[in-house]
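Novice: below is the sequence, then the predicted model.
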Amino acid sequence: RAEPGLREEMRKVSERHAALRRELLRDVDLRALRSRIGDVETETILASGVAGVTAGKHDVVKCLHAHVADELVTGRNPFGRFAL
């Protein structure tokens, strides 16, 4: 299990990704997604973190390459920074 400080860092990274995903999704695309896969599935996708980590699972680092890419682009991913 991750240490509490690391969980908090993962929570921040995940929430930032979820917010960015929502910000970048146009209304027309959001409506199309909801009609194709439903509201619950759409919200699950929108709430997920880096590489689709389920919201609330802040003790899981999945797809380290995605964290590295996030660190290279944003400079705000301690897991990607550690991997580099």
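Specialist: Ah, there it is.

Novice: quick one: what helix or strand has E41 in it?
Specialist: Per DSSP states H and E: E41 is located in helix 39-47.

Novice: mind listing what's buried along that helix?
Specialist: T42, A47 (16 or more other CB atoms under 10 Å). C-beta here means a position set from N, CA and C on the backbone, and glycine is covered the same way.

Novice: and it, what does it pack onto?
Specialist: helix 4-24, helix 27-37 (3 or more CB pairs under 8 Å, 6 or more residues apart in numbering; DSSP states H and E).

Novice: tell me which of those sits most buried.
Specialist: helix 4-24 (a mean of 15; mean count of other CB atoms under 10 Å).

Novice: avg pLDDT for that one?
Specialist: Regarding helix 4-24, the rounded mean pLDDT is 92.

Novice: and it, what does it pack against?
Specialist: helix 39-47, helix 64-74, helix 78-83.

Novice: contact partners for the residue nearest the centre of the chain?
Specialist: In the chain, the residue lying closest to the centroid (CA atoms, centre = their mean) is G49, at 1.6 Å. Contact partners of G49, counting by CB atoms under 8 Å, 6 or more residues apart in numbering, are M10, V13, S14, E15, H17, A18, A55, K57.

Novice: from S48, how far off is K62?
Specialist: 10 Å (CB to CB, to the nearest Å).

Novice: all good on my end, thank you.
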